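Trainee: Give me a model of this one.
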Amino acid sequence: EVQLVESGGGLVQAGGSLRLSCAASGFTFDDYAIGWFRQAPGKGRKGVSCITNSDGSTAYADSVEGRFTISSDNAKNTVYLQMDSLKPEDTAVYYCAASLWPCDDNFVRGLYRGWGQGTLVTVSS
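Mentor: Next up, the predicted model:
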C-alpha cells in the first residue's frame with residue numbers, strides 16, 4: 001500500500017524559508033514519481049513540483065519556479081521541498097502523492113495516489 005507522510009509545515013514571514021518532507025513507504029520508491037500539491041483556503045488542489053525518482057527529472061509550476069527546489073533521498077525514501085522567498089500567496093496545505101507516471105508539469109491529480117494528510121504552510125506578510 002502506497003503511504004506518504006508530510007511534515008515540516010509552519011508559520012513563516014514573507015521572504016523566509018521552509019523545508020517540507022515527504023516520507024514514503026509501502027512501495028518501491030525508485031519506480032515512482034513523487035509530486036507536491038497545495039490547496040489554499042477555498043481553492044482547488046494544484047500541482048507545485050514533482051520528481052521522477054528513477055532519473056531525478058523534475059518539474060515546477062510557474063508560480064514557484066526559481067523559488068522552490070525539489071529533491072529526493074532514495075536511501076531514506078524521502079522527498080524534500082525546499083521553499084525559499086516565500087510569499088503570502090504560498091499559504092496552503094501542502095500534500096505529497098506518488099505516481100507510476102514520470103513527473104511532468106501537467107500535474108494530473110488522477111495519476112497520483114497515496115495522498116498524505118497534508119502539512120499547513122502559513123506565510124505572513
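
Trainee: Give the bridge partners for the most centrally placed residue in the chain, please.
Mentor: Nearest residue to the geometric centre of the chain (C-alpha atoms, centre = their mean): residue 36, 2.2 Å. Beta-bridge partners recorded for residue 36 (DSSP bridges): residue 49, residue 96.

Trainee: That one reaches residue 50, doesn't it?
Mentor: Yes - at 6.9 Å, residue 36 counts as touching residue 50 under the criterion of C-beta atoms under 8 Å. Heads up, the C-betas are built off the backbone N, CA and C, glycines and all.

Trainee: follow-up on the earlier one: contacts only, for the residue nearest to the centre of the chain.
Mentor: Applying C-beta atoms under 8 Å, 6 or more residues apart in numbering to residue 36 gives the contacts 20, 22, 47-50, 70, 79, 81, 94-96.

Trainee: could I get those as TSV with neighbour count and pLDDT?
Mentor: Formatted as TSV, those follow (neighbours: other C-beta atoms under 10 Å; pLDDT from 0 to 100):
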residue	neighbour count	pLDDT
20	24	98
22	27	98
47	22	97
48	25	98
49	26	98
50	29	98
70	25	98
79	29	98
81	26	98
94	24	98
95	23	98
96	29	98
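
Trainee: Can you tell me which of the residues you listed is nearest residue 121?
Mentor: residue 94 (5.6 Å; C-beta to C-beta).

Trainee: helices or strands next to the strand or helix carrying the closest one in the packing?
Mentor: Taking DSSP states H and E as the criterion, residue 94 maps to strand 92-99. With contacts defined as 3 or more C-beta pairs under 8 Å, 6 or more residues apart in numbering; DSSP states H and E, the packing partners of strand 92-99 are strand 3-7, strand 18-25, strand 33-39, strand 45-52, strand 119-124.
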